[in-house]
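Asker: coordinates only, sequence not included:
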């Protein structure tokens, strides 16, 4: 069922799906804003050559957009820009990763926290082996353009693949061991699961899952009491170097 293209509908979706980001408990979240934004014959957002994990392939031919799809894309983009302005005081950004037949993939994140997570040498190495290309100098400097380049490449993979790219866990701040384990075991042989499938440190993962649930309950309670996204968004809390997510 298609969601109404209103500010309230989008803010409700962000508050529900991204509560832990708003409350500074995780670096990023994403969700699908359901609607008619692209044809089912491939996606209409062809971004040139893209990469599936570990190899390059071309995007399927883009299906032409209808006038209604163009209008809905413009409207959702405008609404998301307004949401991002309301979240700017907390250092939170929002972007559309991809337009898909099932809806728009919305990514909400804290650039500083996400950049620290993505700068893990193991993550950088895994993404490079998987075909991602971004300036290493930019990574070392914490350049915002470096993170934007990685997110652009991630969005291209959404546009070219029918499923969710396996490496999405890196971009959502999941522990490296769990993302690597998911890729190596193709989603099988996990210890437990919640927001993601766990392959190491289950106690730590379960604590994170519980914290995310508390954030969701808090956001829902405050939202139902009339809180806006700006009210919900918490400025980043300084973290000591090397602190875990």
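Answerer: Noted; the coordinates are in hand. Everything numeric in this text was worked out from a predicted model, so none of it was measured. Residues are numbered from 1 along each chain as shown.
Asker: residue 99 and residue 9: what is the separation?
Answerer: From residue 99 across to residue 9, the span is 17 Å (Cβ to Cβ, to the nearest Å). To be clear about C-beta, it is placed using only N, CA and C from the backbone, and glycine gets the same treatment.
Asker: so these two - more neighbours on which side?
Answerer: The residue with more neighbours, out of residue 99 and residue 9, is residue 99; 24 against 15, by other Cβ atoms under 10 Å.
Asker: what pairs with the host helix or strand of the more buried one, parallel or antiparallel?
Answerer: Under the criterion of DSSP states H and E, residue 99 resides in strand 93-100. In the sheet, strand 93-100 lines up against strand 103-109 (antiparallel) (DSSP bridges).
Asker: right, and the helix or strand after the partner strand?
Answerer: Next in sequence after strand 103-109, counting helices and strands by DSSP H and E, comes helix 111-118.
Asker: tell me what that next one is packed against?
Answerer: helix 121-129, helix 144-160, helix 168-171 (3 or more Cβ pairs under 8 Å, 6 or more residues apart in numbering; DSSP states H and E).
Asker: by mean pLDDT, show me the worst of those helices.
Answerer: Mean pLDDT per stretch puts helix 144-160 lowest among the helices and strands packed on helix 111-118, at a mean of 88.
Asker: buried ones in that one, by neighbour count?
Answerer: 146-147, 149-151, 153-160 (16 or more other Cβ atoms under 10 Å).
Asker: next: stretch 222-242.
Answerer: So stretch 222-242, judged by 16+ other Cβ under 10 Å, has buried residues 222, 223, 227, 229, 232, 233, 234.
Asker: one more: stretch 190-197?
Answerer: 190, 195, 196, 197.
Asker: please tell me how far the residue lying farthest from the centre of the chain sits from residue 74.
Answerer: The centre of the chain is farthest from one residue, residue 67, which by Cα atoms, centre = their mean lies 27.6 Å away. Distance check for residue 67 against residue 74: by Cβ to Cβ, it reads 11 Å.
Asker: got it, and residue 126?
Answerer: Residue 126 is 36 Å from residue 74, by Cβ to Cβ.
Asker: now swap in residue 23 and tell me
Answerer: With Cβ to Cβ as the criterion, residue 23 and residue 74 are 31 Å apart.
Asker: what about the lengthiest helix in the chain, average pLDDT?
Answerer: Determined from DSSP state H, the single longest helix within the chain is helix 202-224. Here helix 202-224 scores 97 as its mean pLDDT.
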